[in-house]
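Novice: here's a sequence, model it:
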Amino acid sequence: MKAKVKKPGQRPLVSIGMIVKNEEKYLEDCLKAMSPIREAVPSELIVVDTGSTDRTVEIAEQYADQVLHFEWCDDFSAARNVSLEAASGEWFLYLDGDEILEENCGPIIEFLKLPNNPYGTASLIQRNYSDYEHTEYSDFHMIRLYRNIPGMRFQGSIHESINPFIVPTKDISVIAHHDGYVQGVNEKKQQRNQKLLLLELEKNPEDVRILRHLADTYGLQKVSDVEERTRIAREIIRILGGNRPDHTEWIYAYHTMVFSAIIRREYAAAQQLIKEFFQDKNEGDLAADMEMRYYQGNIYFDCEEYPSAREAYLEYQRLYQLYQDGKLNTRDVYSVPIAFAVPYNYAMSCYAVAKCWQVEENYPEMKAALEHAGSLTEKTLERSDASLMMECLYAYEAEDFSRLPMLLEQASSLKEGEGWKDFTIWFEKRFDLFLVRKKDACLTIAQTDLQNPFAQLCRLRTAQTREQAQELLEQLLDDPDAVKTPLFADLLYATVFYQFDLQHTLSALDSSLVERYWETLAKQRPDWPELLDTYLMEHPLQESDPPVCWFWQTRLMLSLLLSPEPDTKVLFQQPWLDEERFASLAQRYLDAMTHYCRMVYQPAMLLPENRVALPAEYRFVIGWQEAEALQKEQGDGACLQRLGEMLQEFPLMNRLIGLFTARTRQRLEAQKQQREEFEALAENVKQQFYRLASDGQIAHAAQILESYRALCPDDPELLLMQSQLDGPRYTLES
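Specialist: This is a model prediction of the structure:
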């Protein structure tokens with residue numbers, strides 16, 4: 001509400017002037033934020049509305065001493081001057097309706113109350129956010145507090161400034177939070193600003209201040225816009241000439257050219273510009289140097305020049321700390337927005353430095369860099385590919401797991417309590433095989449008091465007794481977060497390892513993730529396939545078990561049988577699975593699938609004309625039954641032909657079909673060889689018969705003939721052989 005500090009006839013110490021239009025979203029928060037100033041010093045608030053159609057005027061009237069109206073004419077200075085002309089205070093502070101002062105306005109109050117105040121102007125920090133969550137922003141020092149002297153006027157239709165400008169200037173470290181440059185909102189403003197700036201530039205083509213603001217209106221999405229930003233920046237440098245290193249607009253121009261080159265991935269050009277910048281600038285450390293070093297570090301890092309990247313990032317961090325401590329020269333911030341003076345960028349530089357040390361296997365320095373990154377935040381957790389990846393890489397290579405519990409706890413407090421999932425993903429990626437290193441890492445987490453699902457999984461993995469494992473398994477099976485992700489595939493492993501009820505565990509898991517469970521276990525648990533097959537052999541299903549049990553049984557068996565194939569989900573490598581065990585598993589699978597199909601499908605669905613509607617796996621089993629029937633009815637040749645057809649129809653089953661095809665071929669080959677051996681033996685017997693008959697040894701020959709007739713009753717030569725005993729004798733030659 002309106003301040004009552006000013007006494008009748010008393011001149012206000014400060015007049016606060018604002019121009020607004022349709023600012024109902026932010027205005028009340030903006031005006032409330034001024035209350036500490038208005039209550040601390042005599043003040044007046046003058047609001048100039050330029051044509052609002054929402055509740056802006058209604059809100060303003062509750063707080064302002066004056067609400068004036070101005071017909072908009074595409075001239076910000078004209079509107080500002082209305083509030084300036086109405087101001088009677090010793091000082092004039094101007095803000096916009098979407099700028100909200102931070103809660104601590106003490107430094108502004110102290111400045112206004114300063115005895116014999118020597119300053120003519122003062123700046124605030126405008127923090128421009130690019131997202132509504134306020135995690136991405138840039139800082140810009142804006143001169144918003146002026147000593148109110150006669151003849152003072154705003155100039156410029158856009159990005160207006162007050163003339164005359166009175167020095168010296170005091171930089172006040174109070175932040176005005178500004179959402180006016182959030183994506184979407186910013187684009188509309190920039191289109192409006194560009195139009196007004198081009199009109200201003202027609203009046204004075206070499207006004208570097210206007211050129212600087214014009215460059216900012218061009219976006220970064222289009223190549224043409226980026227090129228125009230660069231052209232304007234080069235024009236600023238040309239106009240400034242030899243005086244350029246002492247001019248903040250020169251600093252802005254180089255900053256813009258470097259950023260534009262990076263956007264275009266012209267890293268060599270960007271590095272050359274950064275080199276020129278540091279060679280030509282006259283002063284010591286500036287705020288823009290912090291930005292340049294961050295750019296430089298990113299370029300070296302992307303080019304995998306890690307020692308140079310580390311040096312650039314460490315220099316950035318030194319400047320960052322000076323900036324945070326208020327010890328860095330920030331006069332250039334009147335022209336150059338500072339985007340990297342935020343904790344997120346500092347943390348990302350720490351993760352990058354950690355990577356640089358990791359390349360050199362300097363793990364103590366790597367750990368120190370990670371510690372400097374500070375606690376995980378929502379923003380750094382979003383970049384888990386840098387933060388958590390680097391943390392897990394350090395833990396794995398240095399075999400130092402001391403940071404893992406802290407990181408898991410921090411992650412668990414983020415993303416509405418879901419951040420532990422991000423931690424789990426990167427932990428499992430880095431600690432892929434469950435060997436000694438992973439067991440020790442899990443044990444470190446298991447020994448904490450953390451109660452999230454991943455901590456419980458670590459306790460299950462390192463359980464000391466079967467009873468402890470069973471209790472933990474039951475807790476996790478009741479947790480929706482644990483049973484809906486393949487990262488918890490060890491629930492299956494524990495079930496099989498400890499010989500628990502597999503069907504009970506499977507019924508709690510997400511059936512749509514079945515193949516991903518197997519894939520995860522195959523990668524992390526080398527003994528899983530053999531362990532699973534042994535379990536299945538020792539715990540066969542009964543015919544009375546429900547269909548769901550048979551479904552899972554067949555899925556488990558199939559996961560063991562499938563061979564790795566290009567462009568398919570690779571489930572298992574099976575060096576332990578010799579041909580005999582594979583054949584046994586294959587037959588058990590086929591028998592189980594046959595039983596399952598009979599349980600869930602009507603006989604009519606299994607007929608050739610209807611089976612097209614069945615899943616491929618079930619059609620395969622029916623085809624297999626047909627091949628077995630052909631083998632019994634028509635022999636191995638017919639069976640082999642059907643198997644060949646199935647290989648074309650079901651390529652995923654190539655290993656299974658291939659095994660039985662090879663076995664059928666071997667059987668055919670054995671039969672052929674057996675036939676050939678028998679035929680040779682029969683020929684020898686017949687030759688012996690003819691010799692005996694020719695030599696007159698009729699009785700002996702008759703015995704051989706009877707034996708041969710018992711073995712080969714269908715041989716047509718039997719009649720000829722019998723005639724040798726009953727009629728004329730034939731010699732072998734005849």
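Novice: strands along the protein, start to end?
Specialist: 14-20, 43-49, 66-69, 91-96, 99-101, 121-129, 137-147, 153-155, 161-163, 169-178 (DSSP state E).
Novice: tell me which of these is the most buried.
Specialist: Using mean count of other CB atoms under 10 Å, the stretch among these with the largest mean neighbour count is strand 14-20, at a mean of 25. From N, CA and C alone the C-beta is placed, and that goes for glycine too.
Novice: walk me through which strands it pairs with, and which way each runs.
Specialist: Strand pairing for strand 14-20, using DSSP bridges, gives strand 43-49 (parallel), strand 91-96 (parallel).
Novice: output the last one as CSV, nothing but the C-alphas.
Specialist: Presented in CSV, the C-alpha positions along strand 91-96 are these (Å, rounded to 0.1, in the frame of the first residue of the first chain):
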residue,chain,number,x,y,z
TRP,A,91,16.9,11.2,-6.3
PHE,A,92,15.1,9.5,-9.1
LEU,A,93,14.9,5.7,-9.3
TYR,A,94,13.2,4.1,-12.3
LEU,A,95,12.1,0.5,-12.7
ASP,A,96,9.9,-1.5,-15.0
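Novice: what about the residue lying closest to Glu249 once chain neighbours are set aside, neighbour count?
Specialist: Distances taken as CB to CB, 6 or more residues apart in numbering put Val208 closest to Glu249, at 4.3 Å, once the chain neighbours are dropped. Val208 has 23 neighbouring residues, counting by other CB atoms under 10 Å.
Novice: tell me which residues touch Val208, please.
Specialist: Going by CB atoms under 8 Å, 6 or more residues apart in numbering, Val208 touches 236, 239-240, 247, 249.
Novice: same deal with Glu397?
Specialist: 358, 361, 363.
Novice: for the second one, what are its contacts?
Specialist: If I follow you right, that is Glu361. Going by CB under 8 Å, 6+ apart, Glu361 touches Glu397.
Novice: what's the pLDDT at it?
Specialist: Per-residue confidence at Glu361 stands at 97 (pLDDT).
Novice: do the same with Pro566
Specialist: 35.
Novice: quick revisit: can you say which two of the contacts of Val208 are spatially most distant?
Specialist: Ile239 and His247 (9.8 Å; CB to CB).
Novice: packing partners of the longest helix belonging to the chain?
Specialist: If you go by DSSP state H, the chain has its longest helix at helix 654-694. On a contact count with 3 or more CB pairs under 8 Å, 6 or more residues apart in numbering; DSSP states H and E, helix 654-694 meets helix 579-600, helix 636-649, helix 698-711, helix 718-726.
Novice: ok now it, how far from the chain's centre?
Specialist: Distance of helix 654-694 from the chain centroid (CA atoms, centre = their mean, to the nearest Å) equals 64 Å.
Novice: just stretch 118-127 next, same as before
Specialist: Here stretch 118-127 is found 42 Å from its chain centre; the criterion is CA atoms, centre = their mean.
Novice: and the angle from the helix or strand bottoming out on mean pLDDT in the chain to strand 121-129?
Specialist: Here the helix or strand of the chain ranked lowest by mean pLDDT, DSSP states H and E is helix 185-203, holding a mean of 78. On the basis of axes from the mean of the first three to the mean of the last three CA atoms, to 10 degrees, helix 185-203 is oriented at 130 degrees to strand 121-129.
Novice: helix 185-203 - contacts with which helices or strands?
Specialist: Contact partners of helix 185-203 among helices and strands, from 3+ CB pairs under 8 Å, 6+ apart: helix 208-216.
Novice: returning to what we had before: what are the buried residues along the least confident helix or strand of the chain?
Specialist: By neighbour count on 16 or more other CB atoms under 10 Å, the buried set for helix 185-203 is 186, 190, 193-194, 196-197, 200-201.
Novice: just give me the closest of those residues to Pro150.
Specialist: Lowest distance from Pro150 to those (CB to CB) belongs to Glu200, with 26.0 Å.
Novice: which non-adjacent residue is nearest that closest one?
Specialist: Nearest non-adjacent residue to Glu200, counting by CB to CB, 6+ apart: Ile210, 5.1 Å away.
Novice: check contacts around Asp481.
Specialist: Applying CB under 8 Å, 6+ apart to Asp481 gives the contacts 421, 453.
Novice: any idea how far it is from Ile239?
Specialist: 61 Å (CB to CB, to the nearest Å).
Novice: what about the chain, any weak spots by pLDDT?
Specialist: 1-9, 181-187, 242-246, 563-576, 727-734 (pLDDT under 70).
Novice: can you tell me how far Phe429 sits from Glu397?
Specialist: Just to correct that, residue 429 is Lys rather than Phe. Separation of Lys429 from Glu397 (CB to CB): 14 Å.
Novice: I'd say Leu659 and Glu580 touch.
Specialist: No: counting by CB atoms under 8 Å, Leu659 stays clear of Glu580, with 10.5 Å between them.
Novice: these two: who's more crowded?
Specialist: Leu659 (15 against 8).
Novice: could you pull up the contacting residues of that one?
Specialist: Leu659 is in contact with 579, 582-583, 586, counting by CB under 8 Å, 6+ apart.
Novice: ends of stretch 128-138, what's the gap?
Specialist: End-to-end distance of stretch 128-138 (CA to CA, to the nearest Å): 5 Å.
Novice: one more: stretch 157-164?
Specialist: First residue to last in stretch 157-164 (CA to CA) measures 16 Å.
Novice: how far is that stretch from where the chain is centred?
Specialist: Taking the mean of its C-alpha atoms, stretch 157-164 sits 46 Å from the chain's own mean (CA atoms, centre = their mean).
Novice: likewise for stretch 221-238?
Specialist: With CA atoms, centre = their mean as the basis, stretch 221-238 stands 33 Å off its chain's centre.
Novice: please point out which parts of it sit buried.
Specialist: Result for stretch 221-238 [16+ other CB under 10 Å]: buried residues 225-226, 228-230, 232-233, 235-237.
Novice: now render the residues you listed as CSV, adding distance to Leu433.
Specialist: As requested, those are arranged in CSV below (distance: CB to CB, whole Å):
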residue, distance to Leu433
Asp225, 49
Val226, 46
Glu228, 53
Arg229, 50
Thr230, 50
Ile232, 56
Ala233, 53
Glu235, 59
Ile236, 58
Ile237, 57
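Novice: among those residues, which lie within helices?
Specialist: Among the buried residues of stretch 221-238, the members found in helices (DSSP H) are 225-226, 228-230, 232-233, 235-237.
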